[in-house]
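Chemist: Give me a model of this one.
(one chain, ligands or ions: 1)
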Amino acid sequence: MSSTSKTIVLTGVSRGCGRALTEEFIRLGHVVIGCGRSEKDIAALQKEFVVPNLFSVVDVVDDAQVEAWAKKILASHGTLDFLLNNAALINRAAPLWEVPAREFSDVIDVNLKGTVNVIRHFAPAMVQRGRGVIVNFSSGWGRSTDPEFAPYCATKWAIEGLTQALAQELPAGMAAVPLNPGIINTDMLRSCFGGSASGYPSADEWAKIAAPYILKIGPAENGRPLSVPGHG
Ligand SMILES: NC(=O)c1ccc[n+]([C@@H]2O[C@H](COP(=O)([O-])OP(=O)(O)OC[C@H]3O[C@@H](n4cnc5c(N)ncnc54)[C@H](OP(=O)(O)O)[C@@H]3O)[C@@H](O)[C@H]2O)c1
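Modeler: Numbering: from 1, shown residues only. This is a model prediction of the structure:
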């Protein structure tokens with residue numbers, strides 16, 4: 001492994017943007033520590049990408065699972081350079097008053113509390129070292145809104161504010177940024193755009209631009225809302 005190789009913790013690696021980023025980061029010579037809930041997908045990733053890349057079944061909603069995962073990773077890999085909170089859910093399209101309580105809670109639990117669980121257990125080692133970049137995946141719907149996606153919009157607007165406050169807490173050598181990835185043809189997009197999702201770039205095409213863009217984020221960008229270029 002070269003001295004420029006970065007250690008990257010990435011949530012939601014089993015599908016979509018997280019899966020494509022995993023492949024691209026590893027192709028570029030970096031180490032990916034990933035999680036997702038699907039046992040089958042996580043086992044397949046570990047078979048394809050060998051150690052030191054490490055893939056674990058972790059539900060980011062479960063704080064105890066995240067704590068155990070972070071302890072294991074910090075013991076085996078030392079510290080990390082990038083912490084990417086990508087895992088998220090979107091609600092089924094519906095006016096807010098028709099969104100069942102359980103579904104609303106699930107979107108808040110994964111997108112917001114899950115992100116904070118991951119920060120709670122990985123950030124202290126980064127802060128202690130005074131280095132590292134935290135990227136919290138936002139959305140166009142974290143900076144604008146559309147009808148029928150109020151729960152998802154609420155979480156992504158929250159991610160923007162939470163991340164900017166976090167940025168103000170970090171030591172000078174670190175950064176935290178909200179990142180709008182753009183519009184990418186993934187399961188999530190298909191669930192809300194239907195057939196018109198196919199008019200957008202695939203996750204693999206997107207990752208070729210997004211991975212190098214993320215790797216360039218540093219302390220100069222701390223607190224700045226960023227967007228992957230060319231994918232808005
Ligand atoms: N696609 C777009 O156009 C678009 C636009 C704006 C923003 N975004 C944001 O970009 C990020 C990636 O989106 P995507 O389109 O790639 O979504 P996706 O295709 O639905 O994939 C979501 C990933 O998150 C994982 N995940 C969900 N809940 C989890 C949990 N509780 N614990 C651990 N992992 C969990 C899923 O894996 P498991 O089901 O195996 O857990 C999956 O790997 C999200 O933050 C999304 O909000 C996407």
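Chemist: pLDDT value on T79, please?
Modeler: On pLDDT, T79 comes in at 87.
Chemist: excluding its backbone neighbours, what's nearest V13?
Modeler: In space, and not counting its chain neighbours, V13 is closest to G34: 3.2 Å by C-beta to C-beta, 6 or more residues apart in numbering. Where C-beta positions appear, they are placed from N, C-alpha and C, glycine not excepted.
Chemist: got a list of what the residue nearest to the spatial centre of the chain touches?
Modeler: Among the residues of the chain, the one closest to the centroid is N86, at 1.5 Å (C-alpha atoms, centre = their mean). Residues near N86 by C-beta atoms under 8 Å, 6 or more residues apart in numbering: 10-13, 17-18, 21, 137.
Chemist: Would you quantify the distance from the closest residue to the ligand within the chain to I108?
Modeler: Going by C-beta to the nearest ligand atom, the ligand is nearest to G16 of the chain, at 2.3 Å. The spacing between G16 and I108, counted by C-beta to C-beta, to the nearest Å, is 20 Å.
Chemist: The two: which has the busier surroundings?
Modeler: Using other C-beta atoms under 10 Å as the criterion, G16 and I108 rank with G16 on top: 23 against 18.
Chemist: give the contact list for the residue lying closest to the more buried one once chain neighbours are set aside.
Modeler: Take G16 and drop its neighbours on the chain: the residue closest to it by C-beta to C-beta, 6+ apart is T186, 3.4 Å away. By C-beta under 8 Å, 6+ apart, T186 lies in contact with 15-17, 197, 203.
Chemist: ok, and for the helix ranked longest in the chain, which residues are buried?
Modeler: Assignment by DSSP state H gives helix 150-169 as the longest helix of the chain. With burial defined by 16 or more other C-beta atoms under 10 Å, the residues of helix 150-169 counted as buried are 150-160, 162-164, 166-167.
Chemist: how about the contacts of N86, which pair is most distant?
Modeler: The most widely separated members of those are V13 and F137, with 12.7 Å between them, by C-beta to C-beta.
Chemist: Which one's more surrounded, those two?
Modeler: V13 (29 against 23).
Chemist: The helix or strand where S76 lies packs against which elements?
Modeler: Taking DSSP states H and E as the definition, one finds S76 inside helix 63-77. Packing partners of helix 63-77 (3 or more C-beta pairs under 8 Å, 6 or more residues apart in numbering; DSSP states H and E): strand 31-36, strand 54-57, helix 115-129.
Chemist: Does the shortest one pack against any helices or strands, and if so which?
Modeler: The helices and strands touching strand 54-57, judged by 3+ C-beta pairs under 8 Å, 6+ apart, are strand 31-36, helix 39-48, helix 63-77.
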